[in-house]
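Enquirer: quick one, structure for this:
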Amino acid sequence: MVKTVFIKFLRRHWGHHVFLRRWLGDPQFTIIMATLNPGAKLRASLDSVLSQSGVSFELLIIDGGSTDHTIQTIQTLPEQVHLIAESEPGVYTAMNRGLPAARGEIIYFLGAGDRLRPGILQQVAAAWPEEQYSMLYGEVFMEDLGILYDGEFHKEKLRKTNICHQAIFYSSAIFHRHGAYDRRYRILADYDLNLKIFGDAKSTIKFIPEIIADYEGNGLSAGTLDPNFQADKKQLCEERLGPKPKPESKLS
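Expert: Numbers count the residues shown, from 1 in each chain. Model prediction:
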C-alpha cells in the first residue's frame, strides 16, 4: 500500500524524467488510441501495434462509449492493452484522458483505422534523441489520396500546413512542458501543439525518412473546418514562430 502510494507520487511529480521511468521498468512507448464504434477496421489497427517487436510498449484505448463489438474485442487482448472509458465527447478529450495514464517515455497517437508500419517502433527507438523535450516524425502513406505526406518540415512550411498526427512521436516531457491538447481547437489541437514545439528553443525536433503509418484518411479533419483555430492561426504562428519573414525585394 505504502509502496503503491509512493510510486504514484513519483509518477505525478517526476514521471516525465526518463531516468525515473526506466528505474520503474516502464515501457518505452505508449500508444494511445481513441475509439467510438470503429467497427471491423479496429482489428487491423490493433494488429499493427501488437505485432511490433524489439521494444516495450503499452496500448491505451480510450473508448467513448462504443456500442459495437469494440469492448469485447479489447477484452481478448494481451495485458499490455488497457481500456479506459471516457464519457465526455471529443477526440482530443480522449487523448488528454490517456496522457496521465501513459507510462511510456515516448507517446504516439494512432487513429482507429490507421496502421503502424511493421518494425517502425524499433526504428524510432534506434533514432530517438536523448534530449528531454523531443519530437520525432516521419511520413505517412495517405490511403485515400495514394500519396506520401509530407517530408521534412521547417517553421515556414509549418505556417502553411501541419504534420500528420500519425507521423509524430512525442516525448512524455513535451506534455509536461506544454500541457495537454487545447480543446478549444476541436479539429486541429495537434497543430497548435506542433507550433508550440517548433517555436520552443528547448525542443529537439528530428525527421527520419521513414513511413510511420498507413493513414486511412477521410477522418475528423478531412474536409472539416476548425473555426476557432483558423481565427487564431495567424496570431498563434506569430507568437510561437515569430513574425512571418518579409519577401526579399527584387532589385531592378
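Enquirer: okay, now Gln75: neighbour count?
Expert: For Gln75, the count of nearby residues is 9 (other CB atoms under 10 Å). Any C-beta I mention is one placed from the backbone N, CA and C, and that applies to glycine too.
Enquirer: counting contacts, what elements does the longest strand seen in the chain pack onto?
Expert: The single longest strand within the chain, with elements called by DSSP state E, is strand 204-215. The contact analysis (3 or more CB pairs under 8 Å, 6 or more residues apart in numbering; DSSP states H and E) places strand 204-215 against strand 115-116, helix 120-127, strand 134-142.
Enquirer: quick one, what contacts the residue lying closest to Leu110 once chain neighbours are set aside?
Expert: Spatial nearest neighbour of Leu110, chain neighbours left out: Met33 (5.0 Å); criterion: CB to CB, 6 or more residues apart in numbering. By CB atoms under 8 Å, 6 or more residues apart in numbering, the contact set of Met33 is Ser45, Val49, Leu59, Leu60, Ile61, Ile62, Phe109, Leu110, Gly111, Ala112.
Enquirer: secondary structure element holding Met33?
Expert: strand 29-35 (DSSP states H and E).
Enquirer: and the angle for that strand with helix 120-127?
Expert: If you take axes from the mean of the first three to the mean of the last three CA atoms, to 10 degrees, strand 29-35 sits at 140 degrees to helix 120-127.
Enquirer: residues in contact with the helix or strand just after strand 29-35: which ones?
Expert: With elements assigned by DSSP H and E, the helix or strand that comes after strand 29-35 is helix 41-50. Applying CB under 8 Å, 6+ apart, the contact partners of helix 41-50 are 31, 33, 35, 38, 57, 59, 70, 73, 77-78, 81, 110-118, 213, 216.
Enquirer: hmm, which of those are the buried ones?
Expert: 31, 33, 35, 38, 57, 59, 70, 73, 81, 110-117, 213, 216 (16 or more other CB atoms under 10 Å).
Enquirer: quick revisit: mind putting the helices and strands packed on strand 204-215 into CSV with mean pLDDT and distance to Ala189?
Expert: Compiled in CSV, the helices and strands packed on strand 204-215 are given as follows (pLDDT from 0 to 100; distance: least, CB to CB, whole Å):
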stretch, mean pLDDT, distance to Ala189
strand 115-116, 98, 22
helix 120-127, 98, 23
strand 134-142, 98, 15
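Enquirer: now these in a markdown table, with distance to Ile187?
Expert: As requested, the helices and strands packed on strand 204-215 are arranged in a markdown table below (distance: least, CB to CB, whole Å):
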| stretch | distance to Ile187 |
| --- | --- |
| strand 115-116 | 22 |
| helix 120-127 | 26 |
| strand 134-142 | 17 |
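Enquirer: quick one: contacts for the nearest residue to Arg103 once chain neighbours are set aside?
Expert: Closest residue to Arg103 apart from its sequence neighbours, by CB to CB, 6+ apart: Asp26 at 4.1 Å. Counting by CB under 8 Å, 6+ apart, Asp26 touches Arg103, Gly104, Glu105.
Enquirer: doesn't the second one fall inside a strand?
Expert: No. Residue state for Gly104 (DSSP: H, G, I helix; E, B strand; the rest coil) corresponds to coil; a strand is not indicated.
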